[in-house]
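Undergrad: here's a sequence, model it:
(2 chains)
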Protein chains: 2
Amino acid sequence: MDTAELVVLAVPFAAAKELTAALGARLSGKVLVDISNPVDASLDALVVSPGTSAAEEIAAVAAPGTKVVKAFNTTFATTLVAGRVAGTPLDVFIAGDDEVARKQVADLVTSGGLHAVDVGALKHARELEGFQLLHMALQISEGGYGWASTVKLVAP
Amino acid sequence: MDTAELVVLAVPFAAAKELTAALGARLSGKVLVDISNPVDASLDALVVSPGTSAAEEIAAVAAPGTKVVKAFNTTFATTLVAGRVAGTPLDVFIAGDDEVARKQVADLVTSGGLHAVDVGALKHARELEGFQLLHMALQISEGGYGWASTVKLVAP
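TA: Numbers count the residues shown, from 1 in each chain, chains lettered A, B, ... in the order given. As a prediction, this is how the structure comes out:
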């Protein structure tokens, strides 16, 4: 990890926050990709307070110089492996305060055949995490999507 | 309006809130559909506080018995007229505390050839309005969608 430019925390939110704090200066200068969804067990509410996000909470405990980027939180594992749903490439929404870091993640997304959507500042992780709460709840509801759907901005 | 079962407030958020308060008991017993997006002029922030939504603010000033339902806030006018984007029917996300009212709006959506997605309680208007803030900002950004895209849960 120490030679990596980009680190993906592929663990649940609480663990990601602890891990970020524990790794401390080892993450400094790196792009830290947060893919977590801070949802409660009911899938009816977020475990972060209104007006913040998992990504911002992780950034708050990260060592100075750690470039936190939110990405891949709306792409379920099986859809990500396939890269497409119903023939269309996945949208990967990217938020972060460092423009160069956002671009690095976007390049990674594009090189994997997916569609990068840059939504700007890290605070916009709030809206990405919020919408994914709804998307997750819809997987298990009556007539739900069964973890096979993806969030997409469909355009002509 | 007095004989209608369902009223759509097709005006901006501030006006919708004023209108709801002014109409008072004339809306009682009716389904009141809020389609508004409480975004500021920069399209970078919401004008409602974290932990609430335009729909909830409208419900707070509505007369008792008014059944407020959030719907159609992610469907731009031109896409709604066409009913489809890239050959796929629009998703219309529906939130409200009255289950029967949500079903009435879902039936309206379905009868128009669109795809109704029931996301549950009115509080989930927060996540619908939040994500639409991002969607709106992406219309005017570099390489943006030009008000021609729609938010869709794409499934196999």
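
Undergrad: tell me the pLDDT at the residue lying closest to residue A:107 once chain neighbours are set aside?
TA: Once flanking residues are discounted, residue A:107 sits nearest to residue A:116: 7.9 Å by C-beta to C-beta, 6 or more residues apart in numbering or on different chains. C-beta: built from backbone N, CA, C; applies to glycine. You'll see residue A:116 listed with a pLDDT of 98.

Undergrad: same check, this time on residue A:53
TA: pLDDT recorded at residue A:53 is 98.

Undergrad: and it, how many neighbours does it have?
TA: Using other C-beta atoms under 10 Å in any protein chain shown, residue A:53 has 27 neighbouring residues.

Undergrad: could you do residue A:22 as well?
TA: By the measure other C-beta under 10 Å, the count of residues near residue A:22 is 10.

Undergrad: and it, that one's in a strand?
TA: No - secondary structure of residue A:22 (DSSP: H, G, I helix; E, B strand; the rest coil): helix, not part of a strand.

Undergrad: if I look at it, how far off is chain B?
TA: Distance, residue A:22 to chain B, using C-beta to the nearest C-beta, to the nearest Å: 29 Å.

Undergrad: can you tell me how far residue A:55 is from chain B?
TA: Distance of residue A:55 to chain B, given as C-beta to the nearest C-beta: 14 Å.

Undergrad: same thing with residue A:156?
TA: Separation of residue A:156 from chain B (C-beta to the nearest C-beta): 5 Å.

Undergrad: ok, now which ones touch that residue?
TA: B:85, B:86, B:148 (C-beta atoms under 8 Å, 6 or more residues apart in numbering or on different chains).

Undergrad: buried subset of the residues you listed?
TA: B:85, B:148 (16 or more other C-beta atoms under 10 Å in any protein chain shown).

Undergrad: which members of the contacts of residue A:156 additionally contact chain A?
TA: Restricting the contacts of residue A:156 to those near chain A by C-beta under 8 Å from any C-beta of the partner chain leaves B:85, B:86, B:148.

Undergrad: okay, those in a markdown table with pLDDT and secondary structure next?
TA: Shown next, in a markdown table, are these (pLDDT from 0 to 100; DSSP: H, G, I helix; E, B strand; the rest coil):
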| residue | pLDDT | secondary structure |
| --- | --- | --- |
| B:85 | 97 | strand |
| B:86 | 95 | coil |
| B:148 | 96 | coil |
